[in-house]
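Q: got a structure for you, letters missing:
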Ligand SMILES: *Cc1c(COP(=O)(O)O)cnc(C)c1O
């Protein structure tokens, strides 16, 4: 149950249903400071205000409305409200602003080319919610700006020249906060490059502003440029609503698959039962869990870090209990741009001369003859 009745929000902003469900309205009416958040929640955040000098605050009214409680115990509110730990140098000392060298592995401003067949295309610095655990928190410091058409053109040139590139990952910031015209420009140009098979869009709008996908014009673009896959970022089952369901339905109707990346976050989802519920909730609305990431070593984010083993225990718990469709790949992104590495519980627990010994999902050991396996 939400703390406040659903229509409280509509009353508070004095907003009609049709505006509440308009993605522009949600972006335009973002809450952008702790003072505004104090007014709305009636809580005192004076202690946290010092963090705003470093990392901005921002949320859509919709995303805030999903919080059941305006405290750090709430998994939604915890992703919105800054923690003093963000600017605590002892806690953040291991972190860096660009732990994966995205800027230095960049052949052209805005592109990161790490793997031979895929390139990351950072389309804008803007997001409608500033997630406290953002892996590109450096963007908070750079200011809210979209790239220019000239910058995009230079990015297209590089991709055109490099025939190994089969896939472009459009990320940001959040690329779906761009106007349809700019999105159309990017898609048209990438679509026309023959060696591009996949256009992957990484966006959190489905989580924080699902009304983005009530926009017929955007849906038309998805339909037209049929190479698109959408990857989104749900971290907790409370984020999945009727509005999510409607939005996913709209996206799927364009032929675009929807996948999810979760980050393992202390105090939000570092728990077997919550993760099970999240994976089940995603499947119910037809989103395929793709990755579960160990928390990145980004400065300002390290207080969300759990142990690597915690994630392995969660994966062990999910296997056998949840449909295989609902089991993501647990992975760590290695520092300095060394790439993503999958992490699995050990299912081979031993071997002797004749057998390899496996452990099944119930922890039972099973011997399989080597003559069969080799
Ligand atoms: C994560 C990432 C990719 C995509 O990796 P997948 O395993 O295909 O999801 C590509 N390029 C960069 C720079 C990345 O960080």
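A: All right, it came through fine. Please read these numbers as outputs of a predicted model, since none were measured by experiment.
Q: Every contact and neighbour count from this point should use C-alpha atoms.
A: Will do.
Q: Run through the stretch 251-374 of the chain and note the low-pLDDT ranges.
A: Judged against pLDDT under 70, the stretch 251-374 of the chain has no low-scoring part.
Q: quick one: the strands in it?
A: Remark: strands assigned in the stretch 251-374 of the chain by DSSP state E, counting those that start in this stretch are 258-263, 288-293, 329-334, 339-342, 348-351, 355-359, 365-369.
Q: Serialize these to CSV and add fields for mean neighbour count and distance to residue 172.
A: Below are the strands of the stretch 251-374 of the chain laid out as CSV (neighbours: other Cα atoms under 10 Å; distance: least, Cα to Cα, whole Å):
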stretch, mean neighbour count, distance to residue 172
strand 258-263, 22, 15
strand 288-293, 22, 18
strand 329-334, 19, 18
strand 339-342, 13, 19
strand 348-351, 13, 40
strand 355-359, 17, 41
strand 365-369, 14, 46
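Q: which one of those lies closest to the ligand?
A: Among the strands of the stretch 251-374 of the chain, strand 339-342 comes nearest to the ligand, with 6.4 Å by Cα to the nearest ligand atom.
Q: Can you verify my assumption that residue 200 contacts residue 232?
A: No - judged on Cα atoms under 8 Å, residue 200 makes no contact with residue 232 at a distance of 10.3 Å.
Q: Assign a three-state SS to residue 184, would you?
A: helix (DSSP: H, G, I helix; E, B strand; the rest coil).
Q: Check residue 44 too.
A: Strictly by three-state DSSP, residue 44 counts as coil.
Q: Can you read off the pLDDT for it?
A: According to the prediction, residue 44 has pLDDT 97.
Q: now do residue 145
A: Here, the pLDDT recorded for residue 145 equals 82.
Q: Report the contact partners of it.
A: The contact partners of residue 145, by Cα atoms under 8 Å, 6 or more residues apart in numbering, come to 124-126.
Q: still on that earlier bit, make a markdown table from the strands of the stretch 251-374 of the chain and add distance to residue 214 to it.
A: Listed next are the strands of the stretch 251-374 of the chain as a markdown table, based on distance: least, Cα to Cα, whole Å:
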| stretch | distance to residue 214 |
| --- | --- |
| strand 258-263 | 15 |
| strand 288-293 | 21 |
| strand 329-334 | 30 |
| strand 339-342 | 34 |
| strand 348-351 | 47 |
| strand 355-359 | 46 |
| strand 365-369 | 50 |
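Q: Present these as CSV; the columns should include distance to the ligand.
A: Output for these, formatted as CSV (distance: least, Cα to the nearest ligand atom, whole Å):
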stretch, distance to the ligand
strand 258-263, 9
strand 288-293, 8
strand 329-334, 8
strand 339-342, 6
strand 348-351, 24
strand 355-359, 27
strand 365-369, 31
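Q: count of neighbours near the nearest residue to residue 49 once chain neighbours are set aside?
A: Of all residues not flanking residue 49 in the chain, residue 34 sits nearest, at 6.6 Å (Cα to Cα, 6 or more residues apart in numbering). If you count neighbours by other Cα atoms under 10 Å, residue 34 ends up with 22.
Q: again with residue 11
A: By other Cα under 10 Å, neighbour count at residue 11 equals 11.
Q: Read off the pLDDT value for it.
A: Looking at residue 11, its pLDDT reads 71.
Q: Let me know the next secondary structure element after the helix or strand hosting it.
A: Counting by DSSP states H and E, the element that carries residue 11 is helix 6-12. Per DSSP H and E, the first helix or strand lying C-terminal to helix 6-12 is helix 17-20.
Q: And the contacts of that next one?
A: Contacts for helix 17-20 (Cα under 8 Å, 6+ apart): 10, 25-26, 62.
Q: Could you list which of the residues you listed belong to helices?
A: 10, 25-26, 62 (DSSP state H).
Q: From those, which one has the minimum pLDDT?
A: Scanning those for pLDDT, the low point is residue 10. It has 71.
Q: what sits against that residue?
A: Contacts of residue 10 (Cα under 8 Å, 6+ apart): 16-17, 20.
Q: That one and the ligand, how far apart?
A: If you measure residue 10 against the ligand using Cα to the nearest ligand atom, to the nearest Å, the figure is 38 Å.
Q: Check residue 361 too.
A: Distance from residue 361 to the ligand, counting by Cα to the nearest ligand atom: 25 Å.
Q: And for that residue, nearest residue in space, chain neighbours not counted?
A: Sequence neighbours aside, residue 320 is the residue nearest to residue 361 in space, at 5.5 Å (criterion: Cα to Cα, 6+ apart).
Q: correct me, but the residue nearest to residue 49 touches residue 47?
A: No - with contact defined as Cα under 8 Å, residue 34 does not count as touching residue 47 (10.2 Å).
Q: where does this protein come near the ligand, residue by residue?
A: Taking Cα under 6 Å from any ligand atom as the criterion, the neighbours of the ligand within the chain are 112-115, 118-120.
Q: pretty sure residue 305 is in contact with residue 265, am I right?
A: Yes - using Cα under 8 Å, residue 305 makes contact with residue 265 at a distance of 6.1 Å.
Q: quick one: common contacting residues for these two?
A: residue 295.
Q: mind listing what's buried in the helix or strand containing residue 250?
A: Here residue 250, judged by DSSP H and E, is contained in helix 242-252. Within helix 242-252, the residues scored as buried using 16 or more other Cα atoms under 10 Å are 243-245, 247-252.
Q: One more: stretch 301-321?
A: Buried positions in stretch 301-321, judged by neighbour count with 16+ other Cα under 10 Å: 301-306, 308, 311-312, 314-319.
Q: From these, pick the one nearest residue 295.
A: The closest of those to residue 295 turns out to be residue 305 (Cα to Cα; 5.4 Å).
Q: Alright, that wraps it up for me.
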